[in-house]
Every structure is written in structure tokens, then in C-alpha cells.
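In: Quick one, fold the following:
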Amino acid sequence: ISFENQIIEYNEGHIKGVFDVSAIQITSGKVAVFFTDITEKRKAFDKLEKSELKFKSLFELANDSIFIMDHEIFIDCNEKTLEIFGCKKEDIIGKPPYEFSPEMQPDGKDSKIKALEKITAAFSGIPQRFEWKHKKFNGELFDAEVSLNRIKLGDDILIQAIVRDITERKRTEEQILMLAHALKSIYESVCITDMVDNIIFVNNSFCNSFGYSNEEIIGKHISVLRSERNSDNILNQILPETLKGGWSGEIISKRKNGTEFPSSVSTSVIRNDDGKPVALITAVLDITDRKLAENELRNSKRMLQLILDNIPQRIFWKDVDSKFLGCNKNFVKDAGFSSPLAIVGSTDYDMPWKRSEAEFYRSIDSEVMQNDKPIYHLVEPQTHLDGEIAWLETNKIPLHDELGNVVGILGTYEDITERKKSEEALKESEERFRSLIDNMIEAALIIDWNGEIIFANNSAAQLVGLDNPNQGIGKKVFDFLHPDFITHVLNALAKARQSS
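Out: Below is the predicted model of the structure:
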């Protein structure tokens, strides 16, 4: 009877452990039994088995690609490798890493030569960590971060390679870099501060506008850029409003040399992927030129209004719906309003003049705008607030935008009531004079220096046998005189002309 290398676990009394047992029959009825205590060896084996299981689990469940390399050849890989490279295990095992790389790396170096340099360094005990352009099984390229470390498995010295796909990270980094270049290149001055307004970034325009170098301003508080002449009320609003979402307004900014300039400022919060505020961004635009232009425009408008308010004519302007957009003070008086601003948005129907007058004014507005032609010297009545009727001589011209489209009308008028009354009185006087002359018994003529008849009454016409005085108008008076009197009349005319 014999057996050998049987493993038994024994636990009784003072004896406990794992034993390797062998037995052999020496003679009839006698057996030699050999016990070898392998408890520690068994523990070591179990520990190794657990360690290998743990390593295998980590190896297979890792979220990165893991290779085991014998020199430059892949001898094992995990499942993530197959996923990242889009292949089967047999497509990778037995091949070198440069077969899964383009011919050249982005730095212009040959992939094979560069890979062997990295592997050699790792074998010598120098861990390697670098970025690499890899190639999937289908030829698609991707960016990776690679680490190479020497490991010992049993008596073998191998390389463990961990490959992480960083394509998305690289794309994000490129976008951030592009944005950084954009920030440095834009016209507006941009600075980024931490959450307590200490400056951590400025762009080129900022340095040019404020006179600081990048090194001089980084780390300083943003308050060094703001004039003491700013209202505390405004400055105290900026940070709280920025943290709420943003602030915009105008303040006085200060350069390194102490000079100040008006600026338009806008701020906002920079948040991380979790939505947590991590920094503040401020954009500053020097508006000195704009302020000067605004002041010039304001002064020009003031001067224009001063001119409009001090000329005797009434001036107004309307939009395409005949709504008033503005006027001068003389027009305000006629309309019974308190100021030019009070009239904006109203129509002729809101004025004290009669409805028929308002409708007539608006019809002329429409005619001018539709035909795109002005109307000059239009005489029309206007009823004032006190009920008095005034006579106006009106001009209306179309207004155009920069494209030539009609956008309204400009109107001017002059009160000609007194002139109208004088003309009517003169006309009435002339009619009375004509009636008086026409009914005289004596013949009456008016002639020019050449003897041409320019007026004759009824008696004069009857005297020379004409049916109507108008028949003699334009004829020479000598045509109706006896020849003996022509010379006498000519001499009288010459004498009268000489004396005048």
C-alpha cells in the first residue's frame, strides 16, 4: 500500500494546519507515513491566487486600455483595448504598438523609431508618460495618453502599457486654446478675476488700454482699474450683481499712469461643468470717442432746437401715419400744447383746429408722401385755441431714410393773416376805385410813357366809339386823337417824364 502528496487539513487539539501526506508500506502490517506541514505555503498560495484574481479583475474591468508587452510585442490585453481599437484579440496579440500608429507622429517623428525609444527607456526602469497618436483597426486616428512601466511576472521582465483615449479632452483643450487666443485678440479689454476680484488673466487689448504689462497686473485687485470719482453706490453694485448673473453700465476707468477715461463695462460669471461659479469675467470698452460724439450731437441738437425756436415760421415733422414727431415752440403756441415733447405722438385731430381742417391737412400729407413730391405756398385756414381763424402759407416736403424711402414729411408755415387782410383791403379799395372811375361822366385814361393805354373807363370808351373799355387796352392813345393834337400830347408826355 502506498500514496503520496495527499493534501489534508487537520484541526484537532493542539495540531492544526495543512499537511502534505505520503505513505508507504514497509512490511506486512507496517506503514511509514510522512507529514509535511505546508500551512504557510498554502497561505502564500491562496494569497497569490487571490492577488492574481484581483489583478485579473482590475485588468479586465479597467476603463483604460491595458497591454502587456514583451519588449516591443503585445502578449496580452484587456477588453477595453479591444473596444478602443475596434478589433479582436487575435488582431493585436503578437504585434508591435507602431502597427497601430500612423507612419509619423504630430511632432514629425517616425512612429516606429519614437515608440522603440519609449519602450527601451521603460525597460531600463524609467517610467514613460506621453501623448500619442494611435490608429484604430479600421484606420481611424485618435489621441491617446500612454504610460509605460516595467513589471516583473515570475522571472520575466515585461512592460505594462496603459492607453487612455483623450480625443475629447484634446478637442476641449483646443477649443479652450482657441477661445484664449480669441480673448487675446478681440478689441475689447477683457480680464478674468477670481471670486474676490483678484485679476488672474488679461488680454492684449487690456494691456494696451490700461498701460500694464501682464506680469504687473496679474494678482492685483480689480479696484486699481477704477477711478475714485466713481460713485460708491455704483461700484458696490458690480460684484453682487455679477454673482447674480451679470452687470453692465458705464464707469470711469483708470490707467497705470493715473489718466482716466469713460468706459462701458459688462461682467458675468464663469461656471464649471457642475454649474459652480469659479471666476468672473469683465469686458471693458473705452468710450471716450463715443462720449465726445454724443456731446457734439447733443450740442448740435441743442443749437438746432435753438434755431428752430427763434425763427418766426412754424416748423413740424410727422411720420408716415401723420403723427407728430416734433416741432418748434411757435408751432406749440398755435397748437396750445405746453412743450414740443408734449406734442410727440399726437395727430391733427388732437389739435384745436376744426375737424375739416385736420382732414384737409392730412390729405395734403398723404399726397406729398404718396407722390414723393413737395407742395409749396399752399394757402389754408387754421382755427386757433381761442377760436380765431388764421391764414397760413404752408410748405410740405417728403422726408427720406438712407435708402431713399419716404418716412414722413417736414412742414413749415407762416401766419399770413395780416397780409391776407391787407390784400383783401387793397382789393376792396381797388374795386371801389374802379367802380368810382367807371361811373364818372368824364373820360379817364391811364397811359404809360410811350402812350400805351393801360386803363380806360366807360366814358372814355364811349367817347371814342368803343363798346367796352377793354377794347382799348394795349393800344396807343394816338390812334384815337386828331392829328393836330398828337404833337401836343407827345410834348406833354416828354415834359412829364423829364420832371419825374
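In: which residues are in contact with stretch 232-249?
Out: Stretch 232-249 has contacts (Cβ atoms under 8 Å, 6 or more residues apart in numbering) with 197, 223, 226, 251, 264, 265, 266, 267, 268, 269, 277, 280. (C-beta placed from N, C-alpha, C; glycine too.)
In: ok, 6 Å please
Out: The contact list for stretch 232-249, computed with Cβ atoms under 6 Å, 6 or more residues apart in numbering, reads 266, 267, 268, 280.
In: pLDDT score for the first one?
Out: Translated: residue 266. Note for residue 266: predicted pLDDT of 94.
In: and if you look at the last one?
Out: As predicted, residue 280 sits at a pLDDT of 90.
In: Look up how far residue 403 lies from residue 156.
Out: From residue 156 across to residue 403, the span is 84 Å (Cβ to Cβ, to the nearest Å).
In: Checking my notes, residue 74 in a strand, right?
Out: Yes - with DSSP: H, G, I helix; E, B strand; the rest coil as the criterion, residue 74 is assigned to a strand.
In: these two touch, right, it and residue 66?
Out: No - contact between residue 74 and residue 66 fails when scored by Cβ atoms under 6 Å: they sit 10.7 Å apart.
In: Looking at those two, which is more packed in?
Out: residue 74 (21 against 18; other Cβ atoms under 10 Å).
In: bridging residues for the more buried one?
Out: Legend: beta-bridge partners of residue 74 under DSSP bridges are residue 69.
In: quick one: secondary structure of residue 407?
Out: Here residue 407 is recorded as strand under three-state DSSP.
In: Skipping its backbone neighbours, what lies nearest it in space?
Out: Nearest residue to residue 407, sequence neighbours excluded (Cβ to Cβ, 6 or more residues apart in numbering): residue 401, at 5.0 Å.
In: and that neighbour, how many neighbours?
Out: 9.
In: What does the pLDDT read for it?
Out: For residue 401, pLDDT reads 92.
In: again, but for the one 3 residues further on
Out: Per-residue confidence for residue 404 comes out at a pLDDT of 92.
In: do the same with the one 3 residues further on
Out: Turning to residue 407, the model gives it a pLDDT of 95.
In: rewinding a little: more crowded one of residue 156 and residue 403?
Out: Using other Cβ under 10 Å as the criterion, residue 156 and residue 403 rank with residue 156 on top: 10 against 6.
In: For the more buried one, name its beta-bridge partners.
Out: residue 153.
In: again, but for the one 5 residues further on
Out: Each beta-bridge partner of residue 161 is listed here, defined by DSSP bridges: residue 67, residue 148.
In: Make sure it is actually in contact with residue 148.
Out: Yes - at 5.4 Å, residue 161 counts as touching residue 148 under the criterion of Cβ under 6 Å.
In: Overlap in contacts, those two.
Out: Common neighbours of residue 161 and residue 148, using Cβ under 6 Å, 6+ apart, do not exist here.
In: And the helices in the stretch 51-200 of the chain?
Out: Per DSSP state H, counting those that start in this stretch, the stretch 51-200 of the chain carries helices over the ranges 79-85, 89-92, 111-123, 167-185.
In: Check those for me: which has the lowest mean pLDDT.
Out: Among the helices of the stretch 51-200 of the chain, helix 167-185 scores lowest, with a mean of 76.
In: residues in contact with that one?
Out: With contacts defined as Cβ under 6 Å, 6+ apart, helix 167-185 is touched by 142, 143, 190, 203, 204.
In: buried ones in that helix?
Out: residue 183 (16 or more other Cβ atoms under 10 Å).
In: chain center to that helix: distance?
Out: On the basis of Cα atoms, centre = their mean, to the nearest Å, helix 167-185 sits 22 Å off its chain's mean C-alpha point.
In: And stretch 218-228, by the same measure?
Out: Stretch 218-228 sits 27 Å away from the centroid of its parent chain (Cα atoms, centre = their mean).
In: swap in stretch 279-295?
Out: Distance, centroid of stretch 279-295 to centroid of chain: 14 Å (Cα atoms, centre = their mean).
In: For it, give the distance from the opening residue to the closing one.
Out: Stretch 279-295 has its terminal residues 37 Å apart, counting by Cα to Cα, to the nearest Å.
In: Quick one, grab the pLDDT at residue 328.
Out: pLDDT, residue 328: 92.
In: secondary structure class for the closest residue to it other than its chain neighbours?
Out: In space, and not counting its chain neighbours, residue 328 is closest to residue 308: 3.9 Å by Cβ to Cβ, 6+ apart. Assigned by three-state DSSP, the conformation of residue 308 is helix.
In: My read is that residue 308 contacts residue 327, right?
Out: No - assessed by Cβ under 6 Å, residue 308 is found out of contact with residue 327, at 8.2 Å.
In: Which one of these two is surrounded by more residues?
Out: Per other Cβ under 10 Å, whichever of residue 308 and residue 327 has more neighbours is residue 327, with 25 against 19.
In: List the residues that contact that one.
Out: Contacts of residue 327 by Cβ under 6 Å, 6+ apart are 316, 340, 343.
In: Quick check: beta-bridge partners of the nearest residue to the second one once chain neighbours are set aside?
Out: To tie it back to what came earlier, the one meant is residue 340. Setting aside the residues directly before and after it, residue 340 is nearest to residue 327 in space (Cβ to Cβ, 6+ apart), at 5.3 Å. Under the criterion DSSP bridges, residue 327 forms beta bridges with residue 316.
In: Would you mind measuring from residue 327 to residue 412?
Out: Going from residue 327 to residue 412 by Cβ to Cβ gives 10 Å.
In: go on, residue 498?
Out: 48 Å.
In: Who has more neighbours out of those two?
Out: The residue with more neighbours, out of residue 498 and residue 412, is residue 412; 19 against 7, by other Cβ under 10 Å.
In: Let me see the contact set for that one.
Out: 313, 315, 395.
In: Could you report the pLDDT at the first one?
Out: Predicted confidence (pLDDT) at residue 313: the value is 89.
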